[in-house]
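Peer 1: I'll drop the sequence and a predicted model, then ask my questions.
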Amino acid sequence: MAEGVVFDLGWRPHEGPRLGRAGARIAVYKDGLRRVLGLRRRARRKVFPFVMLSAALVPGLFVVGIGVVLRDFGEIANFFGHAEYFNFTRVLALIFIALAAGELLVPDRVNGTLSVYASRPLTTTDYVAMRAASLATVVAAFLWIPHLALFLGRAWVGGFGSYVAANVEILWETLIASLVYFAAFAPLAFLIAAFSKRAAVAAGLFIGVITIGGQTVAGLVRSGFDVLGLFDLSHNAGYVKDWVLGASSQRWSPELAGYEPWMSLLVIIGVAALCFLGVHARHRSER
Amino acid sequence: MTTSPAVVANPTVEAREVSKWFGQKVAVSDVTCSFGPGLTGLLGPNGAGKTTLLRMICGLLSTSDGSVSIHGTDPRRDHRVYRTVALVPEEDAVYGFLSARRFVTYAADLSGVSRAGVDEAIALVELISAADRPIAEFSKGMRQRAKVAAALVTDPDVLVLDEPLNGTDPVQRAHLIEIFKRLARSGKTVIVSSHVLAEVERMADRVIAIVDGRLAAAGDIHAIRQAMADIPYRLRIDIEQPRRVAARLIDSDNVSSVTVTGQTLRVETSDLPALGTELPRLAKDLGVRLTVFEPEDESLESVFRYLVRRRK
Amino acid sequence: MRAFLAIVRVTLRQVLGGKRWILLGLLSFVPAVVMWFSSANATADEAFVLYHEAPLGLLLLIVLPVVALVIGAGAIGDERRDATLSFLLLRPIRRATIVGAKFVAAWLATTLIVAAAGGLASAVVSLRTDSWQTLGPTVVALALSSAAYTAVFLVLGHLTSRAVLVGLVYVFIWESGFTYAAPGLANVSLSRIGLTAYAALVPDSTRLLADPLGSLTPGVGGALTKALVIAAACVLFGGFLLKRGDAAAE
């Protein structure tokens, strides 16, 4: 006798694993990565991040190329070492952070989808922290990969094993320096994005604050107002970066004002904490 | 051009073999239709191409193939034709920072018409009490009415409305429909795209149906239904002794199926007029009283469903 | 004309709406603050030199481009993203007229903010030097460069939703980087337009501005012509884009 079965195709509850708060956090983190890198989106959304990364890589690859041809990094290392490389890539990182912060925070608030996050096992802290974590991952990679390329290029010219053994600390020093730049810039970008209705406007305002503020402080410090030396967020990051790398790539405003690098680091952390509180309060009120 | 219900004798708006594609996606394919004075309903499921067709008609989108004209002029070539055209778009295209009054005044200024009609247009859509509040504070229905007022203040010959009843409550809906019908009666060309089929059925003199980017049907609703010869009519018949009548109807060549539920018969027939003649004779022969004889699928909704199903 | 003025009015409200203008204004007044504090103990000559070292450069190279970018890119770009562009296009107005009105509004808004800031910075140095020779030229320089920047960013804002990114790269890498590194490129720098007009109106400043001017000859007529040509070209091109392009809702 022929057999048959009728399947009930009506609504069914979720029967798969329930990942809870940890799963929700990871989902927000992954979503942030996709937004910043344009993954799973149209091709043109990938152009910006990957062009910026390529632009950041070009000088390093150029220097490696010269070193490979000359079989010597001696003089180039003085001219374009890791500390100097950061001074170039920080401009690109600034633009990248300005736009990425807006992309991460503005659409959820403006489109009203924050309430969707609120209906999940996710606190405001989780949301803000995971958005920051995804940007931190991309920015750190963006700033650090060129240094990795430079390091490997030098290792290739200078005898791989011996160079790596002698200089391996450069890898984690440059990684820390990358995170310092993230901590110096991203929180303020997030704060401005948290109060803007348009990502583009937030980006412009953030860039304006950093560059105009930086030039202002530099000018005032040169005029003798040393007390303002720690207010140049851009120079604070550079000063700490040189401290971490044991270099002196240029004269920084806090340095000219007579401050120690750890003071700059404290200011970076303090400003980051204040900005985080501001972003948290804003999103809490919007949920 | 050969005569077809999709075209009218003295058109104000014409679309000739119009197609539009976005990359690989064909949104509108070879549509030929025209609109004249009166109210025409433009129907189609989501993604059928209605909005794309309307935007091409208004000149906001270029045609990939074919041509459109308003009063014989391509709107993309001559901006002066916009003196006689107004569009109420589906999207929320309003300036939130302007009040309704300023928004309608802006429309009047841009179109070069007198500001004297601003209050009248606002009163017509019953927004006078909220006229000086920013539109950002309006509900969706109020925003729709503000858009309609901005369109009406310019006194256009051609009024194109894309889902104008979205967000409106039943009372507002009835009021807006009355306005559209009045404009149509006064000789304006009114084109309304809507999913609210019952209301389109009430207000439209003719319909144009688009499915999957192609013209699926055009003309009077009942005439369209009759043209669907391959789909039997469904009729509801309330009659005494329904089972006796059903037994006789089954024998008829005009009947393809009969269902009995209480005192009601549901009959499917391919030849409505023939059955309309046969049934009263049958009732008289059997000595039973016929109380209801009505088609169940001549509504716009039923016609629309058949059209969509046929395309699929 | 009525439609033109109506577009200008509404666009001014649009670009200066909300808290945007407050933040832009605050940023713009920073050069004046810098000038005040840095010249507190300076002689007249030192104050004059200081003005040309920091505040003027800050205004022309950073403040003006950032303000022009935020305002200019949003003048048409925001209408496109808010789907209100069709509201303008469905009017019996030439497309170039629409773009022209948008440009005038964006230029007025930008110039208002930066010229006020520049005027204040210049007033500070005027007080320190007992000479008001920099006030008018500063405003003229900012107005001319503002016209060029606003026009370019207006079209950019219509062309791409990434206008701010492209604008920032242009300002910080091209204008502040390449055109300084290679003086021959000064001819294609929008900020130099205002600078050449300023240098012509304040002859004493020419020696202080020799580096940024490069091979450019100071001249108000040349600067005005450049600004007008760029603005006109951008307005006409913008009108062409509106006429030919598809106003699809985003």
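Peer 2: Cool, the structure landed.
Peer 1: make it CA atoms for all contacts and neighbour counts henceforth
Peer 2: OK.
Peer 1: so where is chain B shaky, pLDDT-wise?
Peer 2: Applying pLDDT under 70 to chain B flags residues B:1-3, B:226-230, B:297-301, B:310-312.
Peer 1: neighbouring contacts of the host helix or strand of B:Thr277?
Peer 2: With elements taken from DSSP states H and E, the one containing B:Thr277 is helix B:272-286. Helix B:272-286 is contacted from outside by B:233, B:245, B:254-255, B:269, B:289-290, using CA atoms under 8 Å, 6 or more residues apart in numbering or on different chains.
Peer 1: Return the residues of chain C in contact with chain B.
Peer 2: By CA under 8 Å from any CA of the partner chain, the residues of chain C that approach chain B are C:2-4, C:6-7, C:14, C:82-84, C:86-94, C:243-249.
Peer 1: In PyMOL, select just the buried ones from the residues you listed.
Peer 2: The following PyMOL line selects those of the residues of chain C next to chain B that are buried, judged by 16 or more other CA atoms under 10 Å in any protein chain shown:
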select buried, chain C and resi 3+4+6+7+14+82+83+84+86+87+88+89+90+91+92+93+94+243+246+247+249
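Peer 1: Strands - which of the residues of chain C next to chain B land there?
Peer 2: Judged by DSSP state E, strands contain none of the residues of chain C next to chain B.
Peer 1: and chain C, which residues reach chain A?
Peer 2: Residues of chain C that fall close to chain A, judged by CA under 8 Å from any CA: C:23-24, C:27, C:30-31, C:34, C:37-39, C:54, C:58, C:62-63, C:66-67, C:69-70, C:162-165, C:168-169, C:172.
Peer 1: What pLDDT is listed against the residue nearest the centre of chain C?
Peer 2: What sits nearest the mean C-alpha location of chain C, by CA atoms, centre = their mean, is C:Ser146, with 2.3 Å. What the model reports for C:Ser146 is a pLDDT of 95.
Peer 1: dump the residue contacts of it.
Peer 2: Residues near C:Ser146 by CA under 8 Å, 6+ apart: C:64-65, C:68, C:107, C:110-111.
Peer 1: can you count the residues close to the residue of the stretch 151-287 of chain A found nearest chain B?
Peer 2: Using CA to the nearest CA, the single residue of the stretch 151-287 of chain A nearest to chain B is A:Lys197, 13.1 Å away. A:Lys197 is flanked by 16 other residues according to other CA atoms under 10 Å in any protein chain shown.
Peer 1: residues near the closest residue to chain A within the stretch 151-300 of chain B, how many?
Peer 2: Nearest residue of the stretch 151-300 of chain B to chain A (CA to the nearest CA) works out as B:Gly167 at 18.2 Å. Counted with other CA under 10 Å, residues neighbouring B:Gly167 total 16.
Peer 1: Just the terminal-to-terminal distance for stretch B:83-98.
Peer 2: End-to-end distance of stretch B:83-98: 23 Å, with CA to CA, to the nearest Å as the criterion.
Peer 1: That one close to chain C?
Peer 2: Yes. Residues of stretch B:83-98 contacting chain C under CA under 8 Å from any CA: B:83, B:85-87, B:91-95, B:97.
Peer 1: Let's see if you can find the most crowded of those residues.
Peer 2: Busiest of those [other CA under 10 Å] is B:Ala86, holding 26 neighbours.
Peer 1: Check which helices and strands the helix or strand harbouring that one sits against.
Peer 2: Assigned by DSSP H and E, B:Ala86 falls within strand B:85-88. Strand B:85-88 is packed against helix B:140-152, strand B:158-162, with contacts defined by 3 or more CA pairs under 8 Å, 6 or more residues apart in numbering or on different chains; DSSP states H and E.
Peer 1: and the ones you listed as CSV, adding distance to C:Asp130 and mean neighbour count?
Peer 2: CSV is the format used below for the helices and strands packed on strand B:85-88 (distance: least, CA to CA, whole Å; neighbours: other CA atoms under 10 Å in any protein chain shown):
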stretch, distance to C:Asp130, mean neighbour count
helix B:140-152, 56, 24
strand B:158-162, 65, 25
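Peer 1: C:Gly238 against C:Val99, yeah?
Peer 2: Yes. With contact defined as CA atoms under 8 Å, C:Gly238 and C:Val99 form a contacting pair (6.2 Å).
Peer 1: and the helix holding B:Thr277, which residues are buried?
Peer 2: B:272, B:275, B:279, B:283.
Peer 1: and which of the residues of stretch B:83-98 next to chain C is nearest chain C?
Peer 2: Distance to chain C across the residues of stretch B:83-98 next to chain C (CA to the nearest CA) is lowest for B:Ala93, with 4.6 Å.
Peer 1: I'd like the distance between that closest one and B:Gly47.
Peer 2: The gap separating B:Ala93 from B:Gly47 is 20 Å, by CA to CA.
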